[in-house]
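Visitor: sequence unknown, structure follows:
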């Protein structure tokens, strides 16, 4: 059976007249009669009884009618779905992100997707920057939000967000009530760092900034998640330098204080594999993210 013959059959089943059915199908009666005969031959069943005035469905025809209508509806649904995917309005989008993106606009991005691309199924995976890059290269995710100062070689992308680092101190720290501090004032403190494996750019930036301030930080702990950094600081384990947006975590026991003259920025890049842009859904998603990034303005120090 082919779809054309099924459509002819359903129209004839509704009209119960070859002339009216042919007119509705915009064809002459002989091709319609021939198609119905072919269908009956393929099914080895008589579908209609015919007389000079009308046609009636046989029991076999009645059985086929119900199934044919359901099948044709499903075929139409599949066509719409395929067109939606081809147009980038439907499909699956796998997004990698670091935990700090929860405070850097990821919820707003998801709200944009829900409003403007409601048929795209978003799959989130929390991962470190290095893991995201590897996952993109292996086609395990479609795009990622990674930390660093540039788009990695072999990928396309743009800077989504930039902000200064601030000092994260326990609320009981001797400097906790200061409005601003100098980084050198933390030279004798233990540090909690975001681990090198998760984001080499962050690790090296923080170490380099401390060295430029005249001391090598005494690293006591390295952790994989920014909230773990803040949690350890809140418990009094040490101090840290964290992206300013981590203030929005509102974690009890931690305070966030601007640092004078560090010049260190926390940057997030949206990245993807360039050859994947043939996927219209990915291209549409990147367009929404880029539009939101352009509205965020320049980083304030």
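Guide: It's in. It should be emphasised that the depicted structure is a prediction, and the values quoted were computed from it without experimental measurement.

Visitor: scan the helices and strands of the chain for the one with the lowest mean pLDDT.
Guide: For the chain, using mean pLDDT, DSSP states H and E, the weakest element among its helices and strands is helix 59-86, scoring a mean of 83.

Visitor: and the helix or strand just after that helix, what does it pack against?
Guide: Sequence-wise, the next helix or strand downstream of helix 59-86 (DSSP states H and E) is strand 90-97. Secondary-structure packing of strand 90-97 (3 or more Cβ pairs under 8 Å, 6 or more residues apart in numbering; DSSP states H and E): helix 59-86, strand 119-126, helix 129-137, strand 143-147, helix 280-294. (Glycine included, C-beta is placed from N, CA and C.)

Visitor: now strand 90-97: mean pLDDT?
Guide: For strand 90-97, the mean per-residue pLDDT is 89.

Visitor: out of the helices and strands packed on strand 90-97, deepest packed?
Guide: strand 143-147 (a mean of 26; mean count of other Cβ atoms under 10 Å).

Visitor: chain center to it: distance?
Guide: In terms of Cα atoms, centre = their mean, to the nearest Å, the centre of strand 143-147 is found 11 Å from the chain centre.

Visitor: that strand vs strand 90-97, what angle?
Guide: Counting by axes from the mean of the first three to the mean of the last three Cα atoms, to 10 degrees, strand 143-147 lies at 10 degrees to strand 90-97.

Visitor: quick revisit: give me the angle between the least confident helix or strand of the chain and strand 90-97.
Guide: 40 degrees.

Visitor: pull the distance from helix 59-86 to the chain's centre.
Guide: 31 Å.

Visitor: who does that helix touch, helix- and strand-wise?
Guide: By 3+ Cβ pairs under 8 Å, 6+ apart, helix 59-86 packs against helix 3-15, strand 90-97, helix 280-294.

Visitor: how many residues are close by residue 183?
Guide: 22 (other Cβ atoms under 10 Å).

Visitor: okay, the helices and strands packed on helix 59-86 in TSV with distance to residue 156 next?
Guide: Output for the helices and strands packed on helix 59-86, formatted as TSV (distance: least, Cβ to Cβ, whole Å):
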stretch	distance to residue 156
helix 3-15	40
strand 90-97	15
helix 280-294	9
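
Visitor: for residue 263, find the nearest of these.
Guide: Relative to residue 263, the nearest member of these by Cβ to Cβ is helix 280-294, separated by 21.9 Å.

Visitor: ok, back up a step: of all the helices and strands packed on helix 59-86, which one comes closest to residue 117?
Guide: helix 280-294 (6.0 Å).

Visitor: outline the domain layout of this protein.
Guide: 3-86, 90-159+268-294, 161-266 (automatic domain parsing).

Visitor: now the shortest one, how far from the centre of its chain.
Guide: For domain 3-86, the distance from its own C-alpha centre to the chain's C-alpha centre is 42 Å (Cα atoms, centre = their mean).

Visitor: equivalent analysis for the longest one, please.
Guide: A distance of 30 Å separates the centroid of the chain from that of domain 161-266, by Cα atoms, centre = their mean.

Visitor: that one: end-to-end distance?
Guide: 8 Å (Cα to Cα, to the nearest Å).

Visitor: what average pLDDT does it get?
Guide: Rounded mean pLDDT across domain 161-266 is 91.

Visitor: for residue 67, see how far away residue 47 is.
Guide: To residue 67, residue 47 is 12 Å away according to Cβ to Cβ, to the nearest Å.

Visitor: ditto for residue 54
Guide: 23 Å.
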